[in-house]
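Enquirer: quick one: sequence plus predicted model below, questions after.
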Amino acid sequence: MKNEYLKKLMATVEKRNPGEPEFHQAVMEVLETLEPVVEKHPEYIKSGVLEMIVEPERVIKFRVPWVNDDGEVVVNRGYRVQFNSAIGPYKGGLRFHPSVYEGIIKFLGFEQIFKNSLTTLPIGGGKGGSDFDPKGKSDGEVMRFCQSFMTELCRHIGADTDVPAGDIGVGGREIGYMFGQYKRIRNEFTGVLTGKGLTYGGSLARKEATGYGLCYYTEEMLKANGKSFKGTTVVISGSGNVAIYACEKATQLGGKVVTVSDSNGYVYDPDGIDLNAVKEIKEVKRGRIKDYLNYRPGAKYVEGGVVWEVKCDIALPCATQNEINETSAKLLAENGCYAVAEGANMPSTPEAINVYFANKMLYGPAKAANAGGVATSALEMSQNSMRYSWTFEEVDAKLQGIMKDIFKQCDDASKEYGMAGNYMAGANIAGFLKVANSMLAYGVC
Ligand code: NDP
């Protein structure tokens, strides 16, 4: 970064938010790509918009006490970061994972501002979660935790204020328990959470949306560069919500997905992943990915391995942040991978991204490529407001239109600012401009 103003701002962010490397990483990436924008438009500096945008409007941190099956009291920590409401109510998922702390939620909330702006829908940026680990817990324990979490959170959210959704460790079961508790305490049935069950206000195609949207975005990016999914070999990491539906859509578009993983290891199936097996293991039995061998004995399970060592044309990281480091990115490049598109949030380290650019690989950044989930959440909010439901085909068609539009915004902005083909810069710039112009209209606030 060369711009003195941005360098100073970055130093302030680091000083003000000590011990939060993921947040620093997310802010650095955005500020670096905004250099040509602030040079062309000094009004963003003069108005203080940049100082305001890196500071959350509100950070809520609270105690979550609950009782486990042995009758013991357990205390977790809950968070909601309401980062920016310039273009709509705060919107972003809740993550339940032992690694959660304030820095993770801030990085995710910051990214969410620009992602939500790219969807073209009226939603601000927020994120929340807890260091609670749902893995290995009984349904009763998960329910008691979710009810305690919502007992506090319900004071801070609302259909026109802040609308959380799922993320790692938060799927349909958890959303159900939280929505039930919200409804009970607030005595209102409103669209305060998205990702709800279909019998109580959920949207068709929301479950599929992030994975499907990722593939729609990737297909657009490939098309713009004379390629497509057809006949390609695809590696996917993770085996949760995003990974499963990315696998389904990539296969429908003509790719062969050969890997899925979880935090213990990965499976390699040269004949193409049997998605029904993965769905049964993960969505029904809540088991481990190594159980895949019970369904397909010919597949290989690599304990502790990373999928990036498998030869592929296209890589879709769909597990967690910083899962592709420089070494993994080099492996991908050496093995002939020519496109990486991110289903997970910030799955590539800055060094990995440098490797993609150095090797002229196509790179679809998370903010743009995985925005289909939150976009469909916003469509769920619209349906809740109208007390109406669209069909699966209607929602899916809107999702496809949105993902095409997001790619176009990234492409256009990258060209306008002299960085054609750098969709990361394009996403950051296009996402920033809409929010920043709204903030300019509000003055200092
Ligand atoms: P899930 O909880 O459904 O699945 C997460 C998957 O990633 C699991 O396979 C999990 O394995 C693996 N994983 C999680 N943490 C780690 C880790 N530290 N190391 C290795 N593997 C890990 O979550 P989602 O599919 O919903 O989310 C995946 C990613 O996509 C996240 O980055 C999330 O922020 C992002 N995302 C999700 C959206 C959504 O709509 N759900 C929307 C946009 C982005 P294990 O079970 O062993 O932990």
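Expert: That came in fine, so what should we check first?

Enquirer: show me where the stretch 51-200 of the chain has strands.
Expert: 58-67, 73-84, 90-96, 124-130, 162-165 (DSSP state E, counting those that start in this stretch).

Enquirer: partner strands of the third one, with direction?
Expert: Each strand pairing with strand 90-96, determined using DSSP bridges, is listed with its direction: strand 124-130 (parallel), strand 162-165 (parallel).

Enquirer: next one: the second one
Expert: In the sheet containing strand 73-84, its partner strands are strand 58-67 (antiparallel), strand 124-130 (antiparallel), by DSSP bridges.

Enquirer: and the shortest one with the ligand, contact?
Expert: So that's strand 124-130. No - figure legend: strand 124-130 not in contact with the ligand (C-beta under 6 Å from any ligand atom); closest approach 8.8 Å. C-beta: built from backbone N, CA, C; applies to glycine.

Enquirer: export that strand to CSV, keeping only CA atoms.
Expert: Extracted in CSV, the C-alpha atoms of strand 124-130 (Å, rounded to 0.1, in the frame of the first residue of the first chain):
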residue,chain,number,x,y,z
GLY,A,124,-26.4,-3.7,5.9
GLY,A,125,-23.5,-5.7,7.3
GLY,A,126,-23.4,-7.7,10.6
LYS,A,127,-22.3,-11.0,12.0
GLY,A,128,-22.5,-12.9,15.3
GLY,A,129,-21.9,-16.1,17.0
SER,A,130,-20.4,-17.9,20.0
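
Enquirer: that strand - what's its average pLDDT?
Expert: The average pLDDT within strand 124-130 is 98.

Enquirer: any idea how far it is from the middle of the chain?
Expert: Its chain's C-alpha centre and that of strand 124-130 lie 11 Å apart, by C-alpha atoms, centre = their mean, to the nearest Å.

Enquirer: repeat for the longest one
Expert: Relative to its chain's centre, strand 58-67 lies at 22 Å (C-alpha atoms, centre = their mean).

Enquirer: again, but for stretch 366-374
Expert: 6 Å.

Enquirer: ok, now stretch 279-291?
Expert: Worked out by C-alpha atoms, centre = their mean, stretch 279-291 lies 22 Å from the chain centre.

Enquirer: that one and the ligand, any residue contact?
Expert: No - Stretch 279-291 lies out of reach of the ligand by C-beta under 6 Å from any ligand atom, never closer than 7.2 Å.

Enquirer: next, the buried residues of that stretch.
Expert: Of the residues in stretch 279-291, 279, 281-282, 288-291 count as buried by neighbour count, 16 or more other C-beta atoms under 10 Å.

Enquirer: just flag the most distant two among those residues.
Expert: Lys279 and Lys290 (16.1 Å; C-beta to C-beta).

Enquirer: could you dump the strands paired with strand 90-96 into JSON lines with distance to Gly48 and mean neighbour count added?
Expert: Formatted as JSON lines, the strands paired with strand 90-96 follow (distance: least, C-beta to C-beta, whole Å; neighbours: other C-beta atoms under 10 Å):
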{"stretch": "strand 124-130", "distance to Gly48": "18", "mean neighbour count": "29"}
{"stretch": "strand 162-165", "distance to Gly48": "24", "mean neighbour count": "26"}
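
Enquirer: dump those into a markdown table; add distance to Gly226 as well.
Expert: Rendered in a markdown table, the data for the strands paired with strand 90-96 read as follows (distance: least, C-beta to C-beta, whole Å):
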| stretch | distance to Gly226 |
| --- | --- |
| strand 124-130 | 34 |
| strand 162-165 | 36 |
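
Enquirer: so which of the ones you listed comes closest to Phe407?
Expert: strand 124-130 (20.5 Å).

Enquirer: excluding chain neighbours, what is closest to the residue positioned nearest the centre of the chain?
Expert: For the chain, Asn345 is the residue whose C-alpha lies nearest the centre (C-alpha atoms, centre = their mean; 4.4 Å). In space, and not counting its chain neighbours, Asn345 is closest to Ala366: 5.0 Å by C-beta to C-beta, 6 or more residues apart in numbering.

Enquirer: cool, and Ser261?
Expert: Ser261's closest residue in space is Ser237 (C-beta to C-beta, 6+ apart), at 4.9 Å.

Enquirer: repeat that for Phe114.
Expert: Nearest one to Phe114, counting by C-beta to C-beta, 6+ apart, is Gly431 at 3.0 Å.

Enquirer: roughly how far out does the helix or strand where that neighbour lies sit from the chain middle?
Expert: Assigned by DSSP states H and E, Gly431 falls within helix 423-442. Helix 423-442 sits 18 Å away from the centroid of its parent chain (C-alpha atoms, centre = their mean).

Enquirer: which strands or helices does it pack on?
Expert: helix 21-33, helix 35-40, helix 43-46, helix 49-53, helix 102-118, strand 362-364, helix 366-369, helix 392-416 (3 or more C-beta pairs under 8 Å, 6 or more residues apart in numbering; DSSP states H and E).

Enquirer: for that helix, what is the average pLDDT?
Expert: 98.

Enquirer: can you list the buried residues in it?
Expert: Buried, per 16+ other C-beta under 10 Å, within helix 423-442: 423-436, 438-440.

Enquirer: contact partners for the nearest residue to Leu121 once chain neighbours are set aside?
Expert: Nearest residue to Leu121, sequence neighbours excluded (C-beta to C-beta, 6+ apart): Ala378, at 4.0 Å. By C-beta atoms under 8 Å, 6 or more residues apart in numbering, the contact list for Ala378 reads 91, 116, 119, 121-123, 194.

Enquirer: would you mind listing what in the stretch 101-250 of the chain touches the ligand?
Expert: Residues of the stretch 101-250 of the chain lying near the ligand (C-beta under 6 Å from any ligand atom): 166-169, 171, 210, 238-243.

Enquirer: between the residues you listed, which is nearest the ligand?
Expert: The nearest member of those to the ligand, counting by C-beta to the nearest ligand atom, is Gly240 at 1.8 Å.

Enquirer: which strands and helices sit next to whichever strand or helix holds Val235?
Expert: Assigned by DSSP H and E, Val235 falls within strand 233-236. Applying 3+ C-beta pairs under 8 Å, 6+ apart, we find strand 233-236 packed against helix 241-252, strand 256-262, strand 314-316.

Enquirer: picking that back up, give me the contact list for the helix holding Gly431.
Expert: With C-beta under 8 Å, 6+ apart, helix 423-442 has contacts from 29-30, 33-34, 36-37, 43-44, 47, 49, 52-53, 84, 86-87, 113-115, 117-118, 221, 353, 362-365, 367-368, 406-407, 409-417, 419.

Enquirer: per-residue pLDDT, the residue nearest to Ser261?
Expert: For Ser237, the pLDDT comes out at 98.

Enquirer: and for Met221?
Expert: So Met221 comes in at 98 (pLDDT).

Enquirer: was I right to think it contacts Glu342?
Expert: No - here Met221 does not reach Glu342: they are 11.4 Å apart, not a contact under C-beta atoms under 8 Å.

Enquirer: one step back: need the strands paired with strand 73-84 in a markdown table with distance to Thr12, can you?
Expert: Below are the strands paired with strand 73-84 laid out as a markdown table (distance: least, C-beta to C-beta, whole Å):
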| stretch | distance to Thr12 |
| --- | --- |
| strand 58-67 | 17 |
| strand 124-130 | 20 |
